[in-house]
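1. below are the sequence and a predicted model; questions follow.
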Amino acid sequence: MSTAFGFWAQNQKMAEKNGENSLKILKIGKTALNIEVAETNTERERGLSGRASLGQNEGLLFVFDAEGYYGIWMKGMNFSIDIAWLDKNKKIIYAEENVLPKTYPEIFNSPAPSLYILETSAGFFKNYGIKIGDVAEF
């Protein structure tokens, strides 16, 4: 069993036991992330707020019911993140890097409608060459 899959399987069992967001693998090119999926209003509202940190190869994927203009703010955040907005084809259409907790109450938005938003630890996009136009698989 690979390390990434072992991590995912272990955390999937923990998430199911605790009733938390489901865990999945998201790939952008050759880069894989262990992601939690926020698909309910409660999960999307909570986001990463209140957490102490996020691992370098971990993320949170917001899944919405329809394409729209969805804003992200840093309320209750304890660490900086990178944010990518993806369209219905899972293509990155806009990104903000190294968004600091102190930016709250500023709201970050994509100039085009999105269906998904991916949050990762700050520096992830730069470290792995993730950019607008890249397509995610999940």
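-> Looks like it arrived, so ask away. The model shown is predicted, which means the values in this text are computed figures rather than measured ones.

2. what about Ser49, distance to Thr42?
-> Distance of Ser49 to Thr42, computed by Cβ to Cβ, to the nearest Å: 12 Å. C-betas here are computed from N, CA, C, even on glycine.

3. between the two, which one's more packed in?
-> Ser49 (13 against 7; other Cβ atoms under 10 Å).

4. let me see the contact set for the more buried one.
-> For Ser49, the contacting residues are Lys75, Gly76, Met77, by Cβ atoms under 8 Å, 6 or more residues apart in numbering.

5. now list the buried members of those residues.
-> Using 16 or more other Cβ atoms under 10 Å as the burial test, the contacts of Ser49 include Met77 as buried.

6. for Ile28, state which of the contacts of Ser49 is nearest.
-> Distance to Ile28 across the contacts of Ser49 (Cβ to Cβ) is lowest for Met77, with 22.7 Å.

7. could you give the number of residues near the closest residue to the closest one other than its chain neighbours?
-> Excluding its sequence neighbours, the residue lying closest to Met77 (Cβ to Cβ, 6 or more residues apart in numbering) is Pro101, at 4.2 Å. When neighbours are counted by other Cβ under 10 Å, Pro101 registers 14.

8. kindly report the same for the one 5 residues further on.
-> In terms of burial, Glu106 registers 12 neighbours under the definition other Cβ under 10 Å.

9. against which helices or strands is the longest strand belonging to the chain packed?
-> Identified as the longest strand of the chain according to DSSP state E is strand 58-68. Here strand 58-68 touches strand 22-28, strand 31-38, strand 114-121, going by 3 or more Cβ pairs under 8 Å, 6 or more residues apart in numbering; DSSP states H and E.

10. could you list the buried residues of that strand?
-> Glu58, Gly59, Leu60, Leu61, Phe62.

11. what does stretch 112-126 give?
-> Those would be Ser114, Leu115, Tyr116, Ile117, Leu118, Glu119, Thr120, Ser121, Ala122, Phe124, Phe125, for stretch 112-126 by 16+ other Cβ under 10 Å.

12. check these and tell me the two furthest apart.
-> Across the buried residues of stretch 112-126, the two lying at the largest distance from each other (Cβ to Cβ) are Leu115 and Ala122, at 23.6 Å.
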